[in-house]
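1. no sequence on this one, just coordinates:
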């Protein structure tokens, strides 16, 4: 046996997406990191070993403009380009390469940490080291750091360090949570094993193993959805173990799940009820995907009321949006629905105080073991949310290591720096504005070659939508709305009614308060532009949610191309899955008003007058994602290969060494790492593809650098030399398909 000691600034234990993002975040801020993972691959439940979809705040398109940015966003966008077919092994490579790209990270795969050295009393403990065994290499490795992150999911490191934790469900009275049980218990969500199938192109027989369960003797065929073409996460409901100990009974849970999987496949193949003669099993998982175990206690315990109220925290460092999604303790054998969902009107916020231990002074946590009640955990547990929490915790750990302070001291004395650092790194924070005193772009005047000043989508495609139910159009109002025109067909003379609602919070995209209404008489005919006298001057820029009421005699025209900042919704209010599988209350606004995968085909409309929603100042105004409007500069429509520019001017010369650009990667587009749905493009069309950065000197404009084939949202450019200038401009030469040049933010720094 080899004994080794590794000394780094930070040790991250757990190589799921929370640990990966934590390690990358800390490494990018200059800290040395040991990333320790007990499996041969990174990615945790999303890896090729388990193959769970990476779900997050978009909730499969339920929430708008909610896709994660920062490190998780980079992984989504890169996987979209490299792996559009959702190959699990290629996803493994995307995650692995992101880690290997950071020179400050030392990666230790197949290394199981099972020893922790910590001292102090139960109220104030400090981790001195953690020790792991590298399987197959016979290496016993001791990791010594100033700061530790428990991203293990099950919370083993914190448990061994003596961190306070909880398992199971809190009583309803503790946090006054409607969805909590009356009496506390130790019930958790169960574990799942997935499987893949494929069409072999010829008849394939299936002889079940002796341990396969005869599921016709269970409630499974009645209470769940079984189709011969489904596989992977379509079978998330093959869940069991919530009434057991999901760690100590892991082997028993795995065997039971296997027995059901092979029994389900026997039912599909041999019952004669399915067209499955040519179908065969391609892959069956061997590692149960755990949902829940220990949850550590931090300085704040996030709870159901915080989620539903979208409570704003002074230390909000990440956001989520998945519904509170809880499952019956009996899992697949339950006679209840497989899951019940409580949706939020928009994204919610996660405080930094929930990411560090209340009694272990140098331990942070990220992933499903953060400080949250069981009910709140029902939403924070999904992997993209775990990932953005990981980036926040890793950023906090880096600042703690650099300053020599504890996470609690960081919160008390350096909270503003933590938030601004996260914002600059493009982390998933909504509603926070740039206040970086070193950013020279904040002192500059902005101008552009041209700006979209007229809100209109006028080119109708081939698709029309009959108003059997209400529909809606969301558009930015800045500074006011003076009427609205819709392109429609009418089968007969009729009256069309519309209403204008605000959205309440700026991060929400559902109707909140009705502000105005209008109607128009329409004659029979096709492609009529019909004007509605609908006016609204809000106190501050925000979005309008315009509802067009149902009218069977009317059809609206879809456009063949999107417009950033404009969305459409369908108020169908119908469940999109079996109610026996998922229980979604249909009166919840985001459930009723769905985008139905028509986000890139808005209804044709015109809004008279000019808008300032896309003005050049938006690129230096401080927001990095939509918030009460698109929050970006957008050029006039000029074509994908026509140059446009955004310019910054200073009253006096400034010295520039670093330029940071954020392009629009359409955070409304729901991306997924493995399957579930596909987009028709591999690179987000709105992303700028080719561009150059220019500075003004006595000889005119000088090119500082030129980039081609860009497919990333955030680009950081360190200039070859410090330049002195009064003018800087970003020249967009081409996009990845959009007819507009779009820039979310420009930052400029000296040495």
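-> Done, it's in. Owing to the predicted nature of the structure, the values given are computational and were not obtained by experimental measurement. Numbering: from 1, shown residues only.
2. hang on, isn't residue 481 packed against residue 543?
-> No - counting by C-beta atoms under 8 Å, residue 543 is not a contact partner of residue 481; they are 10.7 Å apart. Where you see a C-beta, it was placed from the backbone N, CA and C, and this is true even at glycine.
3. list residues touching both of those two?
-> residue 475 (C-beta atoms under 8 Å, 6 or more residues apart in numbering).
4. quick one: which of the two has more around it?
-> Using other C-beta atoms under 10 Å, the more surrounded residue of residue 481 and residue 543 is residue 543, with 28 against 24.
5. who does residue 521 bridge with?
-> Listed beta-bridge partners, residue 521: residue 495 (assigned using DSSP bridges).
6. for it, what are its contacts?
-> 493-495.
7. Residue 692 too?
-> Going by C-beta under 8 Å, 6+ apart, residue 692 touches 703-707, 730-731, 733.
8. how about 7 Å then?
-> 703, 705-706, 731, 733 (C-beta atoms under 7 Å, 6 or more residues apart in numbering).
9. As JSON lines, these with neighbour count would be great.
-> Output for those, formatted as JSON lines (neighbours: other C-beta atoms under 10 Å):
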{"residue": "703", "neighbour count": "10"}
{"residue": "705", "neighbour count": "13"}
{"residue": "706", "neighbour count": "12"}
{"residue": "731", "neighbour count": "19"}
{"residue": "733", "neighbour count": "18"}
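10. Which members of these are the farthest-apart pair?
-> For the contacts of residue 692, the maximum inter-member distance is 12.7 Å, found between 705 and 733 (C-beta to C-beta).
11. any idea how far residue 702 is from residue 694?
-> Look at residue 694 and residue 702: by C-beta to C-beta, to the nearest Å, they are 6 Å apart.
12. Also residue 393?
-> Counting by C-beta to C-beta, the gap from residue 393 to residue 702 is 42 Å.
13. of the two, who's got more company?
-> When neighbours are counted by other C-beta under 10 Å, residue 393 and residue 702 differ, and residue 393 comes out ahead with 33 against 13.
14. For the more buried one, which three-state class applies?
-> helix (DSSP: H, G, I helix; E, B strand; the rest coil).
15. bridging residues for residue 360?
-> In beta-bridge terms (that is, DSSP bridges), residue 360 pairs with residue 125.
16. That one and residue 127 touch, don't they?
-> Yes - using C-beta atoms under 7 Å, residue 360 is in contact with residue 127, at 6.3 Å.
17. Touching both of the two, which residues are there?
-> Taking C-beta under 7 Å, 6+ apart as the criterion, residue 360 and residue 127 both touch residue 161.
18. Thought residue 192 was touching residue 239, still the case?
-> Yes - the criterion here is C-beta under 7 Å, and residue 239 meets it with residue 192 at 4.8 Å.
19. about what we covered before: so which of the contacts of residue 692 comes closest to residue 645?
-> Among the contacts of residue 692, residue 731 lies closest to residue 645 (C-beta to C-beta), at 4.5 Å.
20. any idea whether that closest one is helix, strand or coil?
-> Applying three-state DSSP: residue 731 is strand.
21. For residue 534, see how far away residue 601 is.
-> Residue 601 is 22 Å from residue 534, by C-beta to C-beta.
22. More neighbours: those two, which one.
-> Ranked by neighbour count (other C-beta under 10 Å), residue 601 and residue 534 place residue 534 first, with 22 against 19.
23. now the helix or strand containing the more buried one, how far from the chain's geometric center?
-> Residue 534 belongs to strand 525-536 when assigned by DSSP states H and E. How far strand 525-536 lies from its chain's middle: 36 Å, per C-alpha atoms, centre = their mean, to the nearest Å.
24. Check stretch 361-381 too.
-> Averaging C-alpha positions (C-alpha atoms, centre = their mean) puts stretch 361-381 17 Å from its chain's average.
25. Begin at 8, not 1, for the rest of this chat.
-> From this message on, residue numbering opens at 8, which makes the last subject stretch 368-388.
26. measure that stretch end to end?
-> By C-alpha to C-alpha, to the nearest Å, the extent of stretch 368-388 from end to end equals 24 Å.
27. buried set for that stretch?
-> For stretch 368-388, burial by neighbour count (16 or more other C-beta atoms under 10 Å) applies to 368-388.
28. Give me the subset of the residues you listed lying in strands.
-> Taking DSSP state E as the definition of strands, the buried residues of stretch 368-388 contribute 370-372.
29. Now render these as CSV, adding distance to residue 72 and pLDDT.
-> Converted to CSV, those look like this (distance: C-beta to C-beta, whole Å; pLDDT from 0 to 100):
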residue, distance to residue 72, pLDDT
370, 34, 98
371, 28, 98
372, 28, 98
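30. Nearest to residue 410 among those?
-> Set against residue 410, the nearest of those by C-beta to C-beta is residue 371 (14.3 Å).
31. quick one: contacts for the closest one?
-> Counting by C-beta under 7 Å, 6+ apart, residue 371 has contacts 156, 362-363, 400, 403-404, 414.
32. The residues you listed into CSV, with extra columns for pLDDT?
-> Output for these, formatted as CSV (pLDDT from 0 to 100):
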residue, pLDDT
156, 98
362, 98
363, 98
400, 98
403, 98
404, 98
414, 98
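33. So which of those residues belong to helices?
-> 400, 403-404, 414 (DSSP state H).
34. Mark which of those are buried, thanks.
-> With neighbours counted using 16+ other C-beta under 10 Å, the ones in helices among the contacts of residue 371 contain these buried positions: 400, 403-404, 414.
35. which one of these sits closest to residue 619?
-> For these, the residue nearest residue 619 by C-beta to C-beta is residue 403; the value is 36.8 Å.
36. residues contacting that closest one?
-> 359, 362, 371, 414, 417, 425.
37. and if we set it to 6 Å?
-> Applying C-beta atoms under 6 Å, 6 or more residues apart in numbering to residue 403 gives the contacts 414, 417, 425.
38. what's the answer for residue 177, then?
-> Residue 177 makes contacts with 187, 191, 380-381, as judged by C-beta under 6 Å, 6+ apart.
39. tell me the two of these that are most distant?
-> By the measure C-beta to C-beta, 191 and 380 form the most distant pair in the contacts of residue 177, at 10.7 Å.
40. just to revisit the earlier point, residue 662: which of the buried ones among the ones in helices among the contacts of residue 371 is nearest?
-> Nearest to residue 662 among these: residue 403, at 31.3 Å, using C-beta to C-beta.
41. my read is residue 28 is in a strand, agree?
-> No - counting by three-state DSSP, residue 28 falls outside a strand, being helix.
42. Can you find the helix or strand of the protein with the lowest average pLDDT?
-> Every helix and strand of the chain was ranked by mean pLDDT, DSSP states H and E. The lowest is helix 227-230, at a mean of 79.
43. Quick one: residues in contact with it.
-> The contact list for helix 227-230 (C-beta under 6 Å, 6+ apart) reads 339, 587.
44. tell me the mean pLDDT for the strand or helix carrying residue 82?
-> In the assignment (DSSP H and E), residue 82 maps to helix 77-89. Helix 77-89 shows a mean pLDDT of 97.
45. What are the buried residues along the helix or strand that it is followed by?
-> The helix or strand immediately downstream of helix 77-89 is helix 95-107, counting by DSSP H and E. If you call a residue buried by 16+ other C-beta under 10 Å, then helix 95-107 has these buried ones: 95, 97-103, 105-106.
46. so which of the contacts of residue 699 comes closest to residue 394?
-> Taking C-beta to C-beta as the measure, residue 394 lies nearest residue 712 of the contacts of residue 699, at 30.7 Å.
47. on that earlier part again, I'd like the ones in helices among the contacts of residue 371 laid out as JSON lines, including distance to residue 309.
-> Below are the ones in helices among the contacts of residue 371 laid out as JSON lines (distance: C-beta to C-beta, whole Å):
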{"residue": "400", "distance to residue 309": "14"}
{"residue": "403", "distance to residue 309": "16"}
{"residue": "404", "distance to residue 309": "19"}
{"residue": "414", "distance to residue 309": "16"}
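48. and which of the residues you listed is nearest residue 110?
-> residue 404 (17.9 Å).
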